[in-house]
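Trainee: Show me the folded form of this:
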Amino acid sequence: MVYDRMKQTVLDHQLIEDGDGIVVGLSGGPDSVCLLHTLYRLSKEKDIKIYAVHLNHMIRGLDAFLDSLYVMKLCQSLYIPCFIRTIDVPKYCQENKLGLEDGARKLRYQVFSEVRDRLGAKKIAIGHNKNDQAETILMRIMRGTGLQGLRGIEYKRKDGVIRPILDIDRESIEAYCMEHKLLPRIDSSNLEPIYSRNKIRLKILPYMKSEFNDNIVESIVRMGDSLRVDSDYINFQVDKIAEYAVKTYKDGSYIFVDYIKDTHPAIKTRIVIMAIRSLLGNVTSIEKKHIDEVLELMPGEKRYKKLDLPRGLHAYRFADYILISQKEIRIEDVEYDYKINPGTSQYIEEIDKTLRTRLISQNDFDRSNFKSGKQYIDFDKIKGHIRLRNRRQGDKIKLLGGTKKVKDLFIGLKVPREERSFVPFVVNNDTVVSIYGYRINVDYKVDDDTKRILEISID
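Mentor: Presented below is the predicted three-dimensional model:
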């Protein structure tokens, strides 16, 4: 039954093809031993090559050594090439500031990938089972997840990781090992309610089974399967939008707001997840609350904001995009500088606004326009070219009370620090003529002697 169920899973999800080399992650426990043995049997029917990889984590002392010895003997009995690596996982986790579970998982996959690449194999088979699936979904519910997280563990990943026994429950796996006299090793730490997953396995699921639903594992997994179908459809739609909305370069992933601002929240959420995954390879430690925080940067009034995320990520909202990067960027470093051609319109990319100017004669000027939110400058006092730029170090502006440093002016006006580098300045040579939306240089104000007036609007 177990073998047939594994074959059906392989067929249903197209996990294995003829000619595949498959590296099996072999801990020595029931799941991985069952996986190795069933794939060994499959290799007699299909043109596939099986390899085993075992990592001694140096956590369990003599037991870890005995695990390695068992794995070696099992592979010898099946004539399966076996690769054993020993790494001081606790030391690695301490040096890299990782939890023991996360660090061990990272190293395991790293070792599996190294062996696969060295052998020229295509797949990495992992022994996750149906109970693992239910536990994972429950963990994600408790942590706070969306539809994507409720899918549970995937049968296959783009990096070649496959899970052929994901449809088989733990009890059946243990019975299979007993039937075939495989005598797998038992990790005693899995029997202690220390880690979150162990608590779910040893306490929460048994309680739910006895008090609410005798088939709780099956019910949770069935829910995950149903949601996976819906999620697949949404992801199909996301992929079409992401072709234009998400670009990943060396400095980070860019999400172009115009392509997604009017889409359904389900699309926006997945676009952010895709951007992070394309940068890191996975979204481990990135929770729904973090995705929501990134999405909160999207409305126009949230421009030029910075957000810190787990795993050393930072999210920045610029004019028309959100940048997610592992590099910390100082908003103050952003610069822009454009020549103003009176009577024309010009798009200012850095602030996602359009500059519009026109010349007006004194006779055609209505002084009530001063209240319109636009700025009016005595154009006859302009000498040479005028430009639109953001602030520069040492900028000053002449006001009625005297000349003032722009830095001090912004502090007094309580202009947020992260917005100061995006405020438009009109300058004539090195003189600040106006700070749009805030002040006009007293020497350039319209008065009774003004002949030509430059109207400026930025929106």
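
Trainee: Could you use CA atoms for every contact and neighbour count after this?
Mentor: OK.

Trainee: got the phi/psi numbers for residue 389?
Mentor: phi -150, psi 180 (degrees, to the nearest 10).

Trainee: list the contacts for it?
Mentor: 335-338, 424-427 (Cα atoms under 8 Å, 6 or more residues apart in numbering).

Trainee: same check, this time on residue 21
Mentor: So residue 21 contacts 48-51, 120-123 (Cα under 8 Å, 6+ apart).

Trainee: Mind checking which of the contacts of residue 389 are buried?
Mentor: For the contacts of residue 389, a burial check counting by 16 or more other Cα atoms under 10 Å picks out 337, 424-427.

Trainee: Among the residues you listed, which are located in strands?
Mentor: 337, 425-427 (DSSP state E).

Trainee: Any chance of TSV for those, columns distance to residue 27 and pLDDT?
Mentor: Below are those laid out as TSV (distance: Cα to Cα, whole Å; pLDDT from 0 to 100):
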residue	distance to residue 27	pLDDT
337	60	89
425	64	93
426	68	91
427	69	92
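
Trainee: Residue 104: what's it in contact with?
Mentor: 57, 89, 93.

Trainee: Quick check: the gap between it and residue 98.
Mentor: Distance, residue 104 to residue 98, using Cα to Cα, to the nearest Å: 9 Å.

Trainee: Surely residue 453 is in contact with residue 382?
Mentor: No - using Cα atoms under 8 Å, residue 453 makes no contact with residue 382, being 10.5 Å away.

Trainee: Would you mind telling me which of the two has the busier surroundings?
Mentor: Taking neighbours as other Cα atoms under 10 Å, residue 453 and residue 382 compare with residue 453 leading, 23 against 15.

Trainee: roughly how far apart are the spatially closest residue to residue 381 that is not a sequence neighbour and residue 385?
Mentor: Sequence neighbours aside, residue 444 is the residue nearest to residue 381 in space, at 6.5 Å (criterion: Cα to Cα, 6 or more residues apart in numbering). Using Cα to Cα, one gets 15 Å for the distance from residue 444 to residue 385.

Trainee: So between those two, which is more surrounded?
Mentor: It is residue 444, of residue 444 and residue 385, that has more neighbours when counted by other Cα under 10 Å, with 19 against 11.

Trainee: dump the residue contacts of the more buried one.
Mentor: Taking Cα under 8 Å, 6+ apart as the test, what residue 444 contacts is 377-379, 381, 433.

Trainee: Give me the subset of the residues you listed lying in strands.
Mentor: 377-378, 433.

Trainee: between the residues you listed, which is closest to residue 6?
Mentor: residue 433 (75.0 Å; Cα to Cα).

Trainee: which residues touch the closest one?
Mentor: By Cα under 8 Å, 6+ apart, the contact set of residue 433 is 397, 425-427, 440-441, 444.

Trainee: Check these and tell me the two furthest apart.
Mentor: Applying Cα to Cα across the contacts of residue 433, the maximum distance is between 425 and 444, 13.5 Å.

Trainee: Lowest-scoring secondary structure element of this protein by mean pLDDT?
Mentor: Across the helices and strands of the chain, mean pLDDT, DSSP states H and E gives its lowest value to helix 196-199, namely a mean of 82.

Trainee: how far out from the middle of the chain is that helix?
Mentor: Averaged C-alpha coordinates place helix 196-199 at 25 Å from its chain's average position (Cα atoms, centre = their mean, to the nearest Å).

Trainee: Over to stretch 346-366?
Mentor: Relative to its chain's centre, stretch 346-366 lies at 40 Å (Cα atoms, centre = their mean).

Trainee: Just the C-alphas of that stretch, formatted as PDB.
Mentor: Taking Å, rounded to 0.1, in the frame of the first residue of the first chain, the C-alpha atoms of stretch 346-366 are listed here in PDB:
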ATOM      1  CA  GLN A 346       8.000  67.900 -17.600                       C
ATOM      2  CA  TYR A 347       7.700  64.600 -15.700                       C
ATOM      3  CA  ILE A 348      10.000  64.400 -12.600                       C
ATOM      4  CA  GLU A 349      10.700  60.700 -12.200                       C
ATOM      5  CA  GLU A 350      12.200  60.800  -8.700                       C
ATOM      6  CA  ILE A 351       9.100  62.300  -7.200                       C
ATOM      7  CA  ASP A 352       6.500  60.900  -9.600                       C
ATOM      8  CA  LYS A 353       5.100  64.300 -10.300                       C
ATOM      9  CA  THR A 354       4.800  66.600 -13.300                       C
ATOM     10  CA  LEU A 355       6.200  70.100 -13.400                       C
ATOM     11  CA  ARG A 356       4.100  72.600 -15.300                       C
ATOM     12  CA  THR A 357       5.200  76.200 -16.000                       C
ATOM     13  CA  ARG A 358       3.800  79.100 -18.000                       C
ATOM     14  CA  LEU A 359       4.600  82.800 -18.400                       C
ATOM     15  CA  ILE A 360       1.900  85.400 -17.500                       C
ATOM     16  CA  SER A 361       2.000  89.100 -18.000                       C
ATOM     17  CA  GLN A 362       1.200  91.400 -15.100                       C
ATOM     18  CA  ASN A 363      -2.000  92.600 -16.900                       C
ATOM     19  CA  ASP A 364      -3.300  89.000 -17.200                       C
ATOM     20  CA  PHE A 365      -2.400  88.000 -13.700                       C
ATOM     21  CA  ASP A 366      -5.200  87.500 -11.100                       C
END
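
Trainee: which residues make contact with it from outside it?
Mentor: The contact list for stretch 346-366, computed with Cα under 8 Å, 6+ apart, reads 318-320, 336, 338, 341-345, 422, 450-459.

Trainee: try it again with 7 Å
Mentor: Contact partners of stretch 346-366, identified using Cα atoms under 7 Å, 6 or more residues apart in numbering, comprise 319-320, 336, 342-345, 422, 450-459.

Trainee: Which of those residues fall in helices?
Mentor: Counting by DSSP state H, none of the members of these fall within helices.

Trainee: Selection in PyMOL covering whichever of these are buried, please.
Mentor: Here is the PyMOL command that selects the buried residues among the contacts of stretch 346-366 (16+ other Cα under 10 Å):
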select buried, resi 319+320+345+422+450+452+453+454+455+456+457+458
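
Trainee: Just the buried residues of the contacts of residue 21.
Mentor: 48-51, 121-123.

Trainee: List the buried residues in stretch 134-142.
Mentor: For stretch 134-142, by 16+ other Cα under 10 Å, it's 134-140.

Trainee: Now do the same contact list for the nearest residue to residue 395 once chain neighbours are set aside.
Mentor: Sequence neighbours aside, residue 406 is the residue nearest to residue 395 in space, at 5.6 Å (criterion: Cα to Cα, 6+ apart). Applying Cα under 7 Å, 6+ apart to residue 406 gives the contacts 395-397.

Trainee: so how far is residue 347 from the spatially closest residue to residue 389 that is not a sequence neighbour?
Mentor: Using Cα to Cα, 6+ apart and skipping the chain neighbours, the partner closest in space to residue 389 is residue 337 (4.2 Å). Residue 337 sits 12 Å away from residue 347 when distances are taken as Cα to Cα.

Trainee: The most centrally placed residue in the chain sits in which helix or strand?
Mentor: What sits nearest the mean C-alpha location of the chain, by Cα atoms, centre = their mean, is residue 276, with 2.1 Å. Assigned by DSSP states H and E, residue 276 falls within helix 265-280.
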